[in-house]
Structure formats: C-alpha cells, structure tokens
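Participant: Have a look at this prediction, sequence included:
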Amino acid sequence: MIVFLHDPLFGLTLTVGAYAIARGIHSRIRWLHPILSSSAIILIVLALLRFPIAEFQGEVGLLTTLLGPATVALGVPIYKHRRLIRERVASVLISVLAGSVTGICSAGALVLLTRGSHEVLLSILPKSVSSPIGIEISRSLGGTPELSVMFSVVTGVLGGVLGPAFLYRSGLRDPVSFGLAMGSAAHGFGTARSLQESETAGSFSALAMGLSGITTSLLFIPLYFWLG
Amino acid sequence: MRGFAILLGFGLAGVLLHDVLHVPLPGNVLGLLLFLGALFGKVVKLEWVEESANLLTGHLLLFFIPYVIGAAALIPLLGANAVSIVVGVVGSTFAVLWVTGTVAKKTAPKNKKEEQDDRLSA
C-alpha cells in the first residue's frame, strides 16, 4: 500500500477538500446539501482505494476534536441575541421541553409499532440530541452506543437537509420558531443549517440544541428506573 | 489566535468538568455553558472571540463529516430492524420539528415582534 495514505494528512486533505468541493457544488445546485455531497465524495474515494473506514476516522481525529471548541463558539451568537432571547425565555423553554418529550415518545412509539428489537428501542430514544449526549444516555439505558451515534447523525442529516422545506411548508418561517425547531430536532446539523438562514435563527438553534440536551438528559433519569 | 485559544480552553474546561464531576452532559455542552457564563460575566470580551467563533461556526458542518462517514459504514449492518429504524428516525424527526416550531410560534409574545425579528436577521 502507498505510504502517504497512512499519514493523517491524507484523511484531513480528503475531508477538507471534499467539503470545499461540496460548498462549490452547493453554490450552483442549491438543493444538494453539502453534507451529502461531501460524504459521498469521501465514501467513493475510500471505496476506490479500499481504504478502511476505521483508519480514516483515526486520521480525521483532529476534526472531531475541533467539534468541541466549535460547539463552545456557539456561545457567541447566543450572547449577541441575549436581549431577544430574554424576551422569549418562557416560549423557548416550553417549546424545547415539548420537543424533547415528543422526540423520546414518538421514536419509542414508532419502534414499538413497527416491532423493532429491544436494542433498537433503547438506542433510538435519545436520537434527537447530539451524539455525545446520546451516547451517555444510551449507555445508561443499556442500549448500543454505536447505534445511538448513528441514529443521532442520521437524524441530524435528515433534519438539516429536509427540515427547512418542511418548516416553510408548515408556516414556521420566523427565525425564532425556525431555529428552535431545527436545534431541538437536529442538534448541531440543524444549527449549522440555521446559521446559513440567519444569525437569529442560528442563535436560537444553538440555544435549543444545548437546552434540549439538558432537558432530554433530565427526562431520562426517571426512565432509567422504569426501564432498568 | 487569542480567540481560538480561548475557545479551545473552554472546550477543555468542559471536558475536565465532565470527567471530574461526572456531570451527565457532554464536555462540549458544558464548555458552552462555561463560555456563556464568562461572556455574561464580562470575563471574556466579545471582540476577543468573535472572529474565531465566526470561523468555526461558519464551518460547523465540516466537523460532522467524520461522524457521517462512520454512520454510513453501519447502514448495511442494520438488517431486520431497518424498517423500524427508518420509520422511527424519520417520523420522530419531523414530529420534533413540527411540535417545537408550532409551540414556539404559539407561545411567542405578541407585540410587533415579527418586525423586530426581520430587522435582526437582515
């Protein structure tokens, strides 16, 4: 095998390169979400080279590490919109709580209705929150953390890609409702998409993402005893 | 670079808080809470961090790509539960979008707020 492929720079170059190309494509083809095109480019290249995905993930560890400070950075849009947030604080808390309860109950009910396995049920419950929170909850419930990560990523991609059109059709166009819905349903992916919409939408999305992580973690405490 | 160092530091502090105190929230969310506390407490000035923060949040999607690749690798392994998973994930995602958005809209204070939103988002 060629040596340079095993240098972390290969994975980083491939990822950042695919991301840059995907943004370029997005400026021409608006409906093609960059997360889909960039992932497709990477998966095709990895498949052509017969490159193991586990090794690729090891090489791009720097990017997953930087997700930490990138999440911290969401404090800036939240802080800048503090006045509007303060005016809407009750509405924010009620809607995020309603969203968290809906996320847990609807995912659980749908899996039970379609006769999914117990393992899937326990792993899908925390899917609306970002994967680090989902992993913790899933582990405490007895689910499979790897499955939970996948559910939360698929949820994020789905919400980030199709969420805006759905919200527009449902008449939820104002930046506050839009951002809160995207952040509650699709965590970081929804927030990234909301920031493209407007800074107001992005700040409410970041707020909803953090709050739904907190409310969902709290809502699961009684579930541990009930399901445990 | 000062802004970047500050954001990294709060990220690290969040991880530390998670590990030491076993708070049931991930390190990055704890880091965000600490950072917000520092901004509101005027310990950190907005202008120190704004440029670095905008760079990171503007490319938030880039940091999710490794997770998407990892998730894509698991899809062929779903087998018998695939239908249940697709229905659960799709149904519940749209349910959360609709419920959160609708409740937010219905509970929004009513007095010229729409106008203000437009101005702020412009």
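Facilitator: Looks like it came in fine.
Participant: Against residue A:220, how distant is residue A:226?
Facilitator: Counting by CB to CB, to the nearest Å, the gap from residue A:226 to residue A:220 is 10 Å. Quick note: C-beta positions are derived from backbone N, CA and C, even for glycine.
Participant: who's more crowded, the two?
Facilitator: residue A:220 (23 against 7; other CB atoms under 10 Å in any protein chain shown).
Participant: distance between the host helix or strand of that one and the chain's centre?
Facilitator: Using DSSP states H and E, residue A:220 sits in helix A:199-227. Distance, stretch centre to chain centre, for helix A:199-227: 12 Å (CA atoms, centre = their mean, to the nearest Å).
Participant: Out of the helices and strands in chain A, which is least certain?
Facilitator: helix A:131-141 (a mean of 74; mean pLDDT, DSSP states H and E).
Participant: what's the answer for chain B, then?
Facilitator: The weakest-scoring helix or strand in chain B, judged by mean pLDDT, DSSP H and E, is helix B:113-121 (a mean of 51).
Participant: Would you mind splitting chain B into its domains for me?
Facilitator: B:2-58, B:67-107 (automatic domain parsing).
Participant: can I get these in JSON lines with mean pLDDT, distance to residue A:211 and mean neighbour count?
Facilitator: As requested, the domains of chain B are arranged in JSON lines below (pLDDT from 0 to 100; distance: least, CB to CB, whole Å; neighbours: other CB atoms under 10 Å in any protein chain shown):
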{"stretch": "domain B:2-58", "mean pLDDT": "91", "distance to residue A:211": "10", "mean neighbour count": "18"}
{"stretch": "domain B:67-107", "mean pLDDT": "91", "distance to residue A:211": "11", "mean neighbour count": "20"}
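Participant: In JSON lines: these, plus distance to residue A:190.
Facilitator: Shown next, in JSON lines, are the domains of chain B (distance: least, CB to CB, whole Å):
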{"stretch": "domain B:2-58", "distance to residue A:190": "13"}
{"stretch": "domain B:67-107", "distance to residue A:190": "9"}
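Participant: Can you say which of the ones you listed is nearest to residue A:31?
Facilitator: Across these, residue A:31 has its closest neighbour in domain B:67-107 (18.1 Å, CB to CB).
Participant: is that closest one up against chain A anywhere?
Facilitator: Yes: using CB under 8 Å from any CB of the partner chain, domain B:67-107 reaches chain A at B:67-75, B:80-81, B:83-85, B:87-105, B:107.
Participant: mind checking which helix or strand the residue nearest the centre of chain A is in?
Facilitator: Central residue of chain A (CA atoms, centre = their mean): residue A:156, 3.6 Å from the mean position. According to DSSP H and E, residue A:156 maps onto helix A:145-169.
Participant: Go through that helix and flag the buried ones.
Facilitator: Within helix A:145-169, the residues scored as buried using 16 or more other CB atoms under 10 Å in any protein chain shown are A:147-164, A:166-167.
Participant: tell me what that helix is packed against?
Facilitator: helix A:34-49, helix A:118-124, helix A:131-141, helix A:175-197, helix B:65-74, helix B:82-107 (3 or more CB pairs under 8 Å, 6 or more residues apart in numbering or on different chains; DSSP states H and E).
Participant: for residue B:59, phi and psi?
Facilitator: Phi and psi for residue B:59, reported as degrees, to the nearest 10, are phi -120, psi 30.
Participant: contacting residues for it?
Facilitator: Shown in contact with residue B:59 (CB atoms under 8 Å, 6 or more residues apart in numbering or on different chains): A:19, A:70.
Participant: Centroid-nearest residue for chain B?
Facilitator: Closest to where the C-alpha atoms of chain B average out (CA atoms, centre = their mean) is residue B:29, at 7.9 Å.
Participant: which element is the nearest residue to residue A:45 once chain neighbours are set aside on?
Facilitator: Spatially, and ignoring its direct neighbours in sequence, residue A:45 is nearest to residue A:14 (6.0 Å; CB to CB, 6 or more residues apart in numbering or on different chains). Assigned by DSSP H and E, residue A:14 belongs to helix A:8-28.
Participant: related to what we said a few turns ago, and the least confident helix or strand of chain A, what's buried?
Facilitator: For helix A:131-141, by 16+ other CB under 10 Å, it's A:131, A:132, A:133, A:134, A:135, A:136, A:137, A:138, A:140, A:141.
Participant: now the residues you listed in TSV, with distance to residue A:53?
Facilitator: Output for these, formatted as TSV (distance: CB to CB, whole Å):
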residue	distance to residue A:53
A:131	17
A:132	20
A:133	24
A:134	20
A:135	19
A:136	24
A:137	25
A:138	21
A:140	27
A:141	27
